[in-house]
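> what follows is a predicted protein model with its sequence.
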There are 2 protein chains.
Amino acid sequence: MDVKKIERIAKALGDPYRLKIIEAIKKNDGWMQCGCITDMLTIAQSTISHHLKQLVDADLLIAEKDGRNVRYIINKATFDEYTKFLTLFAN
Amino acid sequence: MDVKKIERIAKALGDPYRLKIIEAIKKNDGWMQCGCITDMLTIAQSTISHHLKQLVDADLLIAEKDGRNVRYIINKATFDEYTKFLTLFAN
DNA sequence: AAAATAAATCGAAATTATTCGATTTATCGA
DNA sequence: TCGATAAATCGAATAATTTCGATTTATTTT
């Protein structure tokens, strides 16, 4: 796991909307439709799309196309990796 | 641990200089003099001071004054808290 | 007390992120 | 095929962050 990736993950986690998105997906058994996320938040659809892109670019979410919808899924592996990385500093 | 604090931590961890600072302190047995950090990096002293402030504001580092020097110490408790928070998303 | 040193603060410039509305792309249903 | 729907992309405006040099504050040394 290189520095650039660590940085992308940390940055992606540092925005309140993106945190809300992750928390909602987690509560919804780890996956959620894009439209459902858009309904949940009060910001513009294009803004949400932008936030989702950042989460996908950081590998925190996986996007799966399903017809004209997109399913966003929590990528546990990346959370695990990042958590492990942070653990180094507390030991 | 409220959302605002989580956000401050995540943001503080999302900068390459701040990561370098944390890593260097960790390697140095968990603490380091401010001057040593300044010597290590090639950016302006005021910029480093600003980065250190953000790390202290996020409770990731503790600042301890020692004469005219300042010792920065890794705050393991905060790393632990944050790591635990992130673990929720991977389980 | 004066000079020197370490670190913080201030104000401004440059860079990067966020946000929006409008448009585009892709897929589905009639 | 045509219209409708879902999501991504684009370009521009606004907001936040990073960075610097200059100054200030606090402490130590001479």
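Everything's here; your move.
> what residues does chain A put near chain B?
A:3, A:6-7, A:10-11, A:13-16, A:19, A:22, A:26, A:74, A:76, A:79-80, A:82-83, A:86-91 (Cβ under 8 Å from any Cβ of the partner chain). (Each C-beta comes from the backbone N, C-alpha and C, glycine too.)
> okay, and which of the residues you listed map to helices?
Members of these lying in helices (criterion: DSSP state H): A:3, A:6-7, A:10-11, A:16, A:19, A:22, A:26, A:76, A:79-80, A:82-83, A:86-87.
> out of these, which are buried?
Listed as buried from these are A:6-7, A:10-11, A:19, A:22, A:26, A:79, A:82-83, A:86; burial here means 16 or more other Cβ atoms under 10 Å in any protein chain shown.
> and these, which is closest to A:Ile43?
Comparing these against A:Ile43 with Cβ to Cβ places A:Leu19 closest, at 13.7 Å.
> list the contacts for the closest one?
Applying Cβ atoms under 8 Å, 6 or more residues apart in numbering or on different chains, we find A:Leu19 in contact with A:13, B:3, B:6-7, B:10.
> lowest pLDDT pick from these?
Ranked by pLDDT, those bottom out at B:Val3, which has 93.
> shouldn't that residue be in contact with A:Pro16?
Yes. B:Val3 is within contact range of A:Pro16, at 6.4 Å (criterion: Cβ atoms under 8 Å).
> got the residues of chain A near DNA strand C?
Neighbours of DNA strand C within chain A, by Cβ under 7 Å from any atom of the strand: A:11, A:14-15, A:17, A:43-47, A:50-51, A:54, A:65, A:67-68.
> quick one: strands adjacent to the strand or helix carrying A:Ile62?
Using DSSP states H and E, A:Ile62 sits in strand A:61-66. According to DSSP bridges, strand A:61-66 has the following sheet partners: strand A:69-74 (antiparallel).
> you'd agree A:Phe89 is up against B:Phe79?
Yes. Assessed by Cβ under 8 Å, A:Phe89 is found in contact with B:Phe79 at 4.9 Å.
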